[in-house]
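A.B. asks: Provide a 3D model corresponding to the input given below.
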Amino acid sequence: MNDDNLIIYEEEIEKIDSILARMLKGAEAKCALLVDKDGHLITRQGFTHSLDTTALAALLAGSFASTKEIARLVGESEFSVLFHQGKKDHIHMSLVGDRSIMAVIFDDRTTIGMVRLYAKETSIELGKIFSSLKSRAHVGAGLTDEFTKSANNKLDDIFQD
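C.D. replies: Modelled structure (predicted):
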């Protein structure tokens, strides 16, 4: 298993959803998506029914990947916040920890300043959840020699000619 893969249980998803919902309410934004850097949607909150969230998640990750190269060309390691302004809807994207991207979609009922404020606070809270997940994954990550030997013996018994 790759060290970059984390298993997120329902309990953590509920916490993440609660944090995102609170951020949406405070920032008066339309919706939020939490995406891993590989482009997989982790969770979403708000009014996402009209969005193709699968495609959006992949494109958000691609946007951050290409922007990382732009940052490198100008002497930065990466840009942690991206902002796209449209005629009616806007997207604020920010890194959460070292593996996730939070995208907040909002309109003119709020300001970029409010979204940035709440997104920054939310990123810190989500970062703590991901840190605890990462440390918990490392605690139980290794298989004991006894288990490995037992599993190999069982497989030999099953597939014995």
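
A.B. asks: for the spatially most central residue of the chain, give me its contacts.
C.D. replies: For the chain, the residue sitting closest to the mean C-alpha position, by Cα atoms, centre = their mean, is Ser100 at 3.2 Å. Counting by Cβ atoms under 8 Å, 6 or more residues apart in numbering, Ser100 touches Leu34, Val35, Asp36, Lys37, Ile42, Leu126, Phe130. All C-beta atoms are positioned from the backbone trio N, CA, C, and that covers glycine.

A.B. asks: could you do Ala65 as well?
C.D. replies: Contacts of Ala65 (Cβ under 8 Å, 6+ apart): Lys37.

A.B. asks: thought Leu51 was touching Leu41?
C.D. replies: No: the pair Leu51 / Leu41 is not scored as a contact, 10.5 Å apart, by Cβ atoms under 8 Å.

A.B. asks: on that earlier part again, distance of the residue nearest to the centre of the chain relative to Thr111?
C.D. replies: Distance, Ser100 to Thr111, by Cβ to Cβ, to the nearest Å: 24 Å.

A.B. asks: need the longest helix for the protein.
C.D. replies: Secondary structure of the chain per DSSP state H: the longest helix is helix 112-139.
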